[in-house]
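Asks: below is the structure, and that's it, no one-letter string:
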């Protein structure tokens, strides 16, 4: 087990990690207890009162973080030749169709998001075996299968994220980097929480948002008030 540095020991001792906090307080604590040499991601985990085994309780959606993710997102646009110029102008890192389909079939997946058009889904659909397990398969619900490819590329580059509840009922996604100001982390996290609130399945009974935790790549989780309604 890796040794804990003196600074980190002091920081952990200073904060009660069982205390439930506001988003802003939790964001500051995560910053205080993170001592990585790289700019670690800050993540939110929300436990939902849903049964993901039931199709009508599969919570999935998208959120546009007001301050972005802090990550460089590599976007592949699988489009017809007439859409290549606008996809490139919107900021897509890779643009094409048949050549990239061939590369993916051979195992290439060096991208973070793939955006495509309904008219080419028949071709893209056969990539499911490669893209599905990596969470890269384009999907209309996440806005990555669309006729407005340029808009989709711009939104992803600006901080649009998609999320899906896992089999244990938890939503996990990034809300920024440790270098972000605490208020920006809190506002990004609030956007995710409010989006989840709008996606509550009508068949979900009892408490919907059961717990919220903020953490960084290398930090313990910091509990957040699950009735949170503001970033402060």
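Replies: Received, thanks. The model shown is predicted, which means the values in this text are computed figures rather than measured ones.

Asks: my guess is residue 56 meets residue 50, correct?
Replies: No. In this structure, residue 56 is not within contact of residue 50 by C-beta atoms under 8 Å, at 9.4 Å. (Glycine included, C-beta is placed from N, CA and C.)

Asks: overlap of the contact sets of these two?
Replies: The contact sets of residue 56 and residue 50 overlap at residue 201 (C-beta atoms under 8 Å, 6 or more residues apart in numbering).

Asks: neighbour-wise, which of these two wins?
Replies: residue 50 (23 against 10; other C-beta atoms under 10 Å).

Asks: okay, and the more buried one sits in which element?
Replies: Residue 50 belongs to no helix or strand when assigned by DSSP states H and E.

Asks: which residues in the chain form helices?
Replies: Per DSSP state H, the chain carries helices over the ranges 6-14, 23-32, 84-90, 98-105, 121-124, 128-131, 149-158, 182-198.

Asks: what's the last one packed up against?
Replies: If you count contacts as 3 or more C-beta pairs under 8 Å, 6 or more residues apart in numbering; DSSP states H and E, helix 182-198 packs onto helix 23-32, strand 41-48, strand 60-64, strand 170-177, strand 209-216.

Asks: and this structure, what are its domain boundaries?
Replies: 18-69+160-229, 75-158 (the TED database).

Asks: most centrally placed residue in the protein?
Replies: residue 173 (3.8 Å; C-alpha atoms, centre = their mean).

Asks: now that one, nearest residue through space, not along the chain?
Replies: Closest residue to residue 173 apart from its sequence neighbours, by C-beta to C-beta, 6 or more residues apart in numbering: residue 163 at 4.6 Å.

Asks: swap in residue 57?
Replies: residue 50 (4.1 Å).

Asks: low pLDDT regions in this protein?
Replies: Per-residue confidence for the chain (pLDDT under 70) gives these ranges: 1-5, 7-8, 11, 232.

Asks: quick one on the thing from earlier: out of the helices of the chain, indicate the one that is most buried.
Replies: Ranked by mean neighbour count, the helices of the chain are led by helix 23-32 with a mean of 23 (mean count of other C-beta atoms under 10 Å).

Asks: who's in contact with the residue nearest to residue 173?
Replies: Residue 163 neighbours (C-beta under 8 Å, 6+ apart): 60-63, 171-173, 192.

Asks: OK, contacts around the closest residue to residue 150 other than its chain neighbours?
Replies: Leaving aside its sequence neighbours, residue 150 sits nearest to residue 90 (C-beta to C-beta, 6+ apart; 4.0 Å). Contact analysis of residue 90 by C-beta under 8 Å, 6+ apart lists 149-151, 153-154, 157.

Asks: just residue 20 next, same as before
Replies: Counted by C-beta under 8 Å, 6+ apart, residue 20 has contacts 223-225.

Asks: with residue 67 instead?
Replies: Here residue 67 is in contact with 159, 176, 180, 184, 187-188 (criterion: C-beta under 8 Å, 6+ apart).

Asks: before we move on, the earlier item: where's the residue nearest to the centre of the chain relative to residue 79, distance?
Replies: Per C-beta to C-beta, to the nearest Å, residue 173 is found 26 Å from residue 79.

Asks: what does residue 21 give?
Replies: 45 Å.
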